[in-house]
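Asker: What shape does this take:
(one chain, ligands or ions: 1)
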Amino acid sequence: MKIAILGSGDVGLTLAAGFQQRGHQVMIGTRHTQKEGLQQWLAEHAAILAGTYSETAAFGDIVVLCTGWTGTKSAIELAGIWNFKKKIVIDVTNPLDGQGPDTEGRLHLATGHAKSGGEQVQRWLQESHVVKALNTIGNQSMVEPSFTEGTPAMFIAGNDDLAKLAVTDILGQLGWKDVIDTGDIAMSRHLEAMAVVWCAIGFRKGSWGHAFALLRK
Ligand SMILES: NC(=O)c1ccc[n+]([C@@H]2O[C@H](COP(=O)([O-])OP(=O)(O)OC[C@H]3O[C@@H](n4cnc5c(N)ncnc54)[C@H](OP(=O)(O)O)[C@@H]3O)[C@@H](O)[C@H]2O)c1
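Answerer: The predicted structure is shown next:
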């Protein structure tokens, strides 16, 4: 499958390498293909392509949004809305307000809790199937998550059941054995709030090797 990764930060590069190692064709979209760190990384990952947001979104059968929240609308516009049409869009973003943690280690969502980034992305991309996923884990554990205390869960949300099945399969390829469909894209409000909890635990403990799990009787 051809996978378009929009964004060349830690998340974009981690997922690009993970998908390529599993046999997918991968392209990374960025405004700055020539930036030094990226050129070095691409030299070490020769099978992975890089291009503009537009070239990359056009390339992908599936598009993965890995942009900082404040740049997400701009990245989608640069990519061209038509290049997302009828495609599955995996939305990894968290709509953080960019102010950093407060004294309790809480990051804050620019959308508040009665709206969400996932819903906003679905509104921007009305002819695409947006699935919120991978936003409740740090990039270090996005591929082959491994925890001594059990099996981590990945929670997803989206309006299209077939798209969620496809994303469940893709997450399985990345090593996620417990993928939980939480409902329609409005559930992003709660999954994005879970990311705030995940980060607060990290800031309070000073360590980042934790994940959510769902325990069943
Ligand atoms: N870091 C994590 O562990 C983690 C975990 C879960 C979810 N997330 C979420 O995943 C997303 C990516 O996180 P990240 O840490 O990899 O990177 P980031 O530093 O938040 O974002 C990097 C990417 O955003 C793009 N970007 C920023 N402003 C832009 C603009 N105005 N127009 C177009 N593109 C713009 C950059 O594009 P260029 O390449 O063109 O510079 C860059 O590729 C974020 O929404 C984050 O909240 C992060």
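Asker: Could you check how far the residue of the chain found nearest the ligand is from Tyr53?
Answerer: Closest residue of the chain to the ligand, C-beta to the nearest ligand atom: Gly71 (2.0 Å). The way it works is simple: take the backbone N, C-alpha and C, and place the C-beta from them, glycine included. Gly71 sits 10 Å away from Tyr53, taking C-beta to C-beta, to the nearest Å as the criterion.
Asker: Also Lys205?
Answerer: 36 Å.
Asker: just the strands in the protein please.
Answerer: 2-6, 25-29, 49-51, 62-65, 88-91, 129-132, 153-158, 178-181 (DSSP state E).
Asker: Would you reformat those strands as CSV and include mean neighbour count?
Answerer: Below are those laid out as CSV (neighbours: other C-beta atoms under 10 Å):
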stretch, mean neighbour count
strand 2-6, 26
strand 25-29, 24
strand 49-51, 20
strand 62-65, 27
strand 88-91, 27
strand 129-132, 29
strand 153-158, 25
strand 178-181, 16
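Asker: Could you dump those into JSON lines and include mean pLDDT and distance to Met194?
Answerer: Shown next, in JSON lines, are the strands of the chain (pLDDT from 0 to 100; distance: least, C-beta to C-beta, whole Å):
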{"stretch": "strand 2-6", "mean pLDDT": "98", "distance to Met194": "23"}
{"stretch": "strand 25-29", "mean pLDDT": "98", "distance to Met194": "27"}
{"stretch": "strand 49-51", "mean pLDDT": "98", "distance to Met194": "31"}
{"stretch": "strand 62-65", "mean pLDDT": "98", "distance to Met194": "18"}
{"stretch": "strand 88-91", "mean pLDDT": "98", "distance to Met194": "14"}
{"stretch": "strand 129-132", "mean pLDDT": "98", "distance to Met194": "11"}
{"stretch": "strand 153-158", "mean pLDDT": "98", "distance to Met194": "7"}
{"stretch": "strand 178-181", "mean pLDDT": "98", "distance to Met194": "11"}
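Asker: My guess is Trp198 contacts Ile137. True?
Answerer: Yes: here Trp198 reaches Ile137: they are 7.1 Å apart, a contact under C-beta atoms under 8 Å.
Asker: So which of these two has more stuff around it?
Answerer: Ile137 (23 against 19; other C-beta atoms under 10 Å).
Asker: Run a quick check on the more buried one versus Val143, I expect a contact.
Answerer: No: counting by C-beta under 8 Å, Ile137 sits too far from Val143 to count as a contact (10.1 Å).
Asker: Can you name the residues of the protein sitting close to the ligand?
Answerer: 7-12, 30-32, 66-69, 71, 74-75, 92-94, 96, 135, 138-139 (C-beta under 6 Å from any ligand atom).
Asker: Appreciated, that's everything.
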